[in-house]
Structure formats: structure tokens, C-alpha cells
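> Sequence first, then the predicted structure, then my questions.
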Amino acid sequence: MATRDETAFERDLLDRGYSRRQLAKVTALLGAGAAAFRATGALAQQAAKPVAGAVRIGANECWTGPFPIAAEAGFKLVTEGNRYEPDNEHQKLFDAVSAVEGIPVDRIVAWPGSSDPLSRVAVAFASPTRGIVTANPTYEAIWRTGDWLGAKVTKVPLTKDYAHDVKAMLAADPNAGLYYICSPNNPTGTVTPVADIQWLADNKPKDAILVVDEAYIHWTETGTAAKMAATRDDVIVLRTFSKLFGMAGMRLGLTFAAPALMEKMMRYDGGQVTAMLPMTAVACGTVSVAQADLIKARRAEMIANREKAIAFLTKKKIKVIPGSHANMFMIDWGKPAKPMADALLAENVQIGRSWPIWPNVSRVSVGSAADMDAFCAAVDKVWKA
């Protein structure tokens with residue numbers, strides 16, 4: 001028998017235009033858990049499986065692991081692994097993030113990565129009648145969730161400077177329930193100015209939600225939308241420890257948002273999201289966020305590696321999409337990208353994929369100096385203009 005909360009949840013979805021068949025998909029997505037949903041293939045990122053022994057610069061991972069001081073904190077929690085939560089670890093994380101970002105603690109929630117909250121915002125704030133608007137190309141997880149559930153999805157090309165075209169996004173669907181901005185953008189690494197994000201927040205429908213995905217924000221100093229999430233009740237900012245902090249396999253992410261928005265996202269499981277988090281990741285993240293000097297140094301190392309590789313490609317007259325502020329860039333080969341990726345893999349260098357809108361363009365993640373030297377050597381060997 002359904003509980004009263006489940007009945008209210010179902011009624012809400014039906015009132016927003018979902019059919020009973022779509023409602024069953026929502027239940028599978030959030031009731032059965034993200035792992036079950038991923039098995040459907042709806043959220044597959046189409047990233048190639050890692051090839052043993054290859055230089056891996058295709059998944060936007062960091063070339064190294066957590067900061068040593070953060071790893072030490074994580075290992076301490078390994079030795080206390082007999083405890084569910086040795087010493088109020090979640091609160092320590094929230095306090096540390098609040099001190100760095102200026103976000104009230106009650107507006108910070110931790111997640112096992114970003115896939116879960118991205119799925120939840122699609123369910124909670126979009127529907128067949130109030131759709132999702134994104135850029136194209138961008139990170140596709142939210143539009144794939146929308147497509148799978150049956151919500152309307154509208155994709156808007158980037159500007160000539162490869163930023164999100166916020167005015168075109170609003171014009172494309174003035175009655176959307178959810179607008180999604182990824183800045184720096186995946187796959188281009190380009191930044192949408194905070195002023196443009198603010199414009200969309202101020203001009204979208206008042207009951208619509210703006211989601212700003214800042215997975216790559218630590219690689220740049222061009223500004224953040226975090227303060228919008230600290231003061232507004234219609235903006236959600238996503239963060240992750242998977243990128244600059246080198247914790248992709250540890251699965252830790254954050255959302256900044258008003259408590260009422262978080263309640264809507266978590267009503268499906270009684271708000272037990274944080275109970276799933278591994279304490280090792282929480283402890284590692286708590287220490288990581290406060291390491292301003294280490295963050296700056298790792299950012300500088302990435303930029304140097306990125307710019308050296310781009311300079312090499314430019315010298316060979318290979319076009320690179322300009323303006324990346326993240327640990328990735330995109331190469332326009334002027335011909336189908338897959339054969340080039342295959343040729344590089346034959347040289348033991350595994351780069352990223354192309355996007356349907358840009359079939360001649362490959363995404364390349366920035367690795368260590370040695371990784372990028374190996375990449376340049378492989379390109380030098382296989383490239384034919």
C-alpha cells in the first residue's frame with residue numbers, strides 16, 4: 001500500500017503533466033537508485049572504457065589524486081572505518097565549505113557525485129509541460145534524463161564565443177521549468193559570464209529553476225554563481241570534488257540551494273542522501289576545500305600543460321576551439337574525429353569523444369606534463385592535414 005507521502009508525490013507528477021507510465025520511470029530512476037537507472041543506458045556519457053597502459057586524457061579526470069594532506073585525512077577515516085560517522089564528519093564538511101564559499105550551512109547538501117542531483121532536478125522541476133533548456137554542446141546528463149522521462153528538452157547553440165546564449169535560451173522556451181548552464185562548459189571549457197547567468201536568473205519565469213553546474217569552477221578564477229544560490233530561492237549550483245581535487249573515484253559532490261528546493265529534490269527518499277556518503281570521501285573533501293595555495297598551484301600547472309599543448313597544435317595548423325578555462329579543450333580536425341581518436345589510441349594515447357553537433361571535433365582532457373608530451377608526440381606521428 002502506498003504511503004500518504006508517496007500518493008502526494010504521484011499526484012504532484014500527474015498534475016505536472018506526467019503520465020502514469022512516465023511516473024513509473026520516475027520511480028525507477030529515484031526509487032531504485034542511480035545504479036539501476038544507469039543500467040538503462042539513459043545517462044551513459046558515451047565515454048570509452050579506459051585502456052590499460054594508455055595515456056588517459058579523455059574523461060576530464062585530474063592527472064593526480066587528492067592533495068596529500070587531504071588523502072591523509074581520508075586515510076585516518078579508513079582506520080576508523082568501524083564507525084558510521086566517527087566525529088560529525090558531514091557537519092565538518094558543511095562548515096568548511098561555508099567558510100570558503102560564503103554559503104549558509106543550511107543551503108549546502110552533499111551527494112555521491114553529481115549524477116543523482118542532476119537527475120533529481122529534472123524530475124522535481126521539469127515536466128512534459130514545463131521543459132528543460134540547455135546549451136548544445138554541453139554536458140548531456142540532464143537532457144538525457146529529460147528525454148528518458150518524457151520531459152520537453154530544448155537545445156540552444158552556443159554563442160560565437162562558445163558561451164551559453166542566455167537570451168536565446170529564454171526565447172527558445174519562455175515557459176520552461178528548468179534552465180541549465182554548465183560553466184565552465186563541458187566539453188568546450190568556455191565560461192559564461194556571471195552577468196549573463198544573473199540576467200537569465202532575473203528574466204526567466206519566476207517559478208522556473210536555474211541550475212548552474214560548476215564542476216570545473218576551481219580551474220578558473222572568472223567568477224562563480226554561488227552567491228546567487230546563497231541569496232535566491234530559484235537557483236541551484238552544483239559542485240564536485242571529481243575534477244581539480246582529484247577525487248573522481250571517491251564520489252563526492254555538493255549542491256548549494258535554498259532548503260525548500262532541496263526538500264523537493266529529496267522528498268523521494270526521506271532526505272537520506274547524505275547517509276550514503278563514504279566517510280573517507282567526506283573527510284578528504286573537508287580538508288581539500290580549504291587548501292587555497294594548493295588549489296592555485298594545481299590550477300597553474302594545468303594551465304601551463306594546456307597552453308603548451310594548444311601552442312603545439314596551433315603551430316601544426318590544427319584548429320583548437322578557443323577560450324577554454326578548464327582542464328579540457330576541443331580540437332577541430334576538419335574531418336571525422338573518430339578515425340583520429342582511433343589513430344591516437346593506436347599510439348597508446350586515449351583522448352575523448354566528439355559530440356553529435358560537432359562530429360569533426362574531439363575533446364581532449366589536460367593531463368600531466370608527461371601526458372601532454374605523449375599526446376603531442378602521437379599527434380605529430382599520425383596527423384595528416
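Received, thanks.
> what about Ile181, helix or strand, and which?
Using DSSP states H and E, Ile181 falls within strand 178-182.
> report the angle between the axes of the following helix or strand past that strand and strand 178-182?
Counting by DSSP H and E, the next helix or strand C-terminal to strand 178-182 is helix 194-203. Using axes from the mean of the first three to the mean of the last three Cα atoms, to 10 degrees, one finds that helix 194-203 and strand 178-182 are set 170 degrees apart in direction.
> Just list what helix 194-203 packs against, helices and strands only.
Under the contact criterion of 3 or more Cβ pairs under 8 Å, 6 or more residues apart in numbering; DSSP states H and E, helix 194-203 touches helix 166-172, strand 178-182, strand 209-213, helix 226-231. For every residue, glycine as well, the C-beta is placed using N, CA and C.
> Please repeat the previous calculation with a cut-off of 7 Å.
On a contact count with 3 or more Cβ pairs under 7 Å, 6 or more residues apart in numbering; DSSP states H and E, helix 194-203 meets helix 166-172, strand 209-213.
> can you list contacts of the last one?
Defining contact as Cβ atoms under 7 Å, 6 or more residues apart in numbering, one finds that strand 209-213 is touched by 121, 125, 139, 177-183, 197, 200-201, 204, 225, 234-238.
> count of residues packed around Gly81?
11 (other Cβ atoms under 10 Å).
> Now do the same contact list for it.
Under the criterion of Cβ under 7 Å, 6+ apart, Gly81 has no contact partners.
> element containing Thr159?
Here Thr159 is assigned to no helix or strand, by DSSP H and E.
> which residues touch it?
Applying Cβ under 7 Å, 6+ apart, we find Thr159 in contact with Asp165.
> distance of it from Gly17?
Per Cβ to Cβ, to the nearest Å, Thr159 is found 31 Å from Gly17.
> just to revisit the earlier point, mean neighbour count, the helices and strands packed on helix 194-203: which tops it?
Greatest average neighbour count among the helices and strands packed on helix 194-203 goes to strand 209-213 (a mean of 26), per mean count of other Cβ atoms under 10 Å.
> and that strand, average pLDDT?
Strand 209-213 shows a mean pLDDT of 98 in the predicted model.
> Could you check the angle that strand makes with strand 178-182?
Per the same axes, to 10 degrees, the angle that strand 209-213 makes with strand 178-182 is 20 degrees.
> Which strands border strand 209-213, and is each parallel or antiparallel?
Applying DSSP bridges, strand 209-213 is found paired with strand 178-182 (parallel), strand 235-240 (parallel).
> what about these, which gets the closest to Val51?
Nearest to Val51 among the strands paired with strand 209-213 is strand 235-240 (24.3 Å), distances taken as Cβ to Cβ.
> which residues sit in contact with Asp196?
Each residue near Asp196 by Cβ under 7 Å, 6+ apart is listed here: 163-164, 166.
> If we only consider these, which is nearest to Asp116?
When those are ranked by distance to Asp116 (Cβ to Cβ), His164 comes first, at 23.4 Å.
> wait, isn't the closest one in contact with Tyr180?
No - under the criterion of Cβ atoms under 7 Å, His164 makes no contact with Tyr180, lying 9.0 Å away.
> before we move on, the earlier item: could you export the strands paired with strand 209-213 as TSV, including distance to Gly246?
Formatted as TSV, the strands paired with strand 209-213 follow (distance: least, Cβ to Cβ, whole Å):
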stretch	distance to Gly246
strand 178-182	20
strand 235-240	11
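> Same list (those) but as JSON lines, adding mean neighbour count and distance to Val191.
Putting these into JSON lines (neighbours: other Cβ atoms under 10 Å; distance: least, Cβ to Cβ, whole Å) gives the following:
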{"stretch": "strand 178-182", "mean neighbour count": "27", "distance to Val191": "10"}
{"stretch": "strand 235-240", "mean neighbour count": "26", "distance to Val191": "15"}
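> Adding distance to Ala54 and mean pLDDT as columns, could you present these in TSV?
As requested, the strands paired with strand 209-213 are arranged in TSV below (distance: least, Cβ to Cβ, whole Å; pLDDT from 0 to 100):
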stretch	distance to Ala54	mean pLDDT
strand 178-182	27	98
strand 235-240	24	98
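> check contacts around the closest residue to Gln198 other than its chain neighbours.
Spatial nearest neighbour of Gln198, excluding adjacent residues (Cβ to Cβ, 6 or more residues apart in numbering): Met228 at 6.9 Å. Taking Cβ under 7 Å, 6+ apart, we find Met228 in contact with 198, 201, 235.
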